[in-house]
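Novice: below are the sequence and a predicted model; questions follow.
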Amino acid sequence: MNDAGSPPRPGAAVTPPGAALPDIGDLYRFASDAGGVYGTEDFCFFLYSVVKMHKPQRVLELGTGTGVSSFWIARALRENGSGTLLTIDDGRQWDKVRQAPGLERYGAQGYASHRDFILAMAERFGVARELSLVTTSLPPYPEFDPGIEVDLLFSDFRHDPATVLALLAHFLPRMSEASSIFIDSASTAFASYLLLERLIEEFNVGRVPKELLTRLPEERAQDLASAVRSRRFTLVHLTEVKDRDQNGTAWIKIAPIDIVPYPRTRMR
Ligand SMILES: C[S@@+](CC[C@H](N)C(=O)[O-])C[C@H]1O[C@@H](n2cnc3c(N)ncnc32)[C@H](O)[C@@H]1O
């Protein structure tokens, strides 16, 4: 896999360009019916809004799950008129998804695989052109051709400190200069929360802790160090006030060191 912007794979049903956008009410109901399975019933709207506002061209999601977050991201891309989402999942929790009570009305039990279900729902919600799904286990994390950068990364498959370190080491040099990384649940898991607080503090004075550098071959370590030196990082803990575990997402907003806000927009 070389390009987060690659088109849907052969075999996937693809909505023709210009086809009418389905009523958003159907997708809204899907968020209510399926969002509770992994707790993305509200965060999906946040992602939709960020995608509408920042207009990322390449979005990468690690952990497709029910597809709730994927379909809302892809819907925003479709409404924007540009941009693609590559979402990755090995389908290991397909039994949990297909048996979720809210998914009965979408016929989840009738699909042979997670992949079949997600591609069929992408078609139903009118986002088959914007969304491509890769069925594989992580790590390894996807590689990209030189010059290909990710504008928005949503990681929703693991949030332990070792994974947070591995994600940042791999993806920071591949993020575009004005981009966002979201790591689900990292803000409400104490060790990952403290790790992120400390890392971002170091990044903002241009330093990359050795623990990150030693995970990478020499050339990659240099890419990481230079990406960090030229950027400013804002860490926001998007907590959700709900009576359950895993109530929050860490948002690392990345921008070049400059005197204007990013993504660039008109200033007065
Ligand atoms: C929390 S769910 C994703 C929820 C999703 N964002 C949503 O809105 O429904 C995590 C998903 O990651 C997948 N997953 C977990 N570990 C994985 C791994 N090592 N490689 C690939 N997929 C994995 C599971 O199959 C599961 O579907």
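Specialist: That came through, no problem. Only a predicted model underlies this, so the values are computations on that prediction, with no experimental measurement involved.
Novice: for the residue of the chain at minimum distance from the ligand, helix, strand, or coil?
Specialist: Using C-beta to the nearest ligand atom, the point where the chain gets nearest to the ligand is G65, with a distance of 2.5 Å. From N, CA and C alone the C-beta is placed, and that goes for glycine too. The three-state label given to G65 by DSSP: H, G, I helix; E, B strand; the rest coil is coil.
Novice: correct me if wrong: it contacts T40.
Specialist: Yes: with contacts counted by C-beta atoms under 8 Å, G65 reaches T40, the gap being 7.4 Å.
Novice: quick check: neighbours shared by the two?
Specialist: When contacts are counted by C-beta atoms under 8 Å, 6 or more residues apart in numbering, G65 and T40 have D156 as shared neighbours.
Novice: residues from this structure in reach of the ligand?
Specialist: Within the chain, the positions near the ligand by C-beta under 6 Å from any ligand atom are 38, 40, 63-66, 68-69, 89-93, 137-138, 156-157.
Novice: what subset of those is buried?
Specialist: Neighbour counting with 16 or more other C-beta atoms under 10 Å marks 38, 40, 63-66, 68-69, 89-91, 93, 138, 156-157 as buried within these.
Novice: so the residue of the chain closest to the ligand versus P139, what's the distance?
Specialist: When C-beta to C-beta, to the nearest Å is the yardstick, G65 and P139 sit 18 Å from each other.
Novice: helices along the stretch 151-268 of the chain, start to end?
Specialist: Counting by DSSP state H, counting those that start in this stretch, the stretch 151-268 of the chain has helices at residues 161-171, 190-203, 210-213, 218-229.
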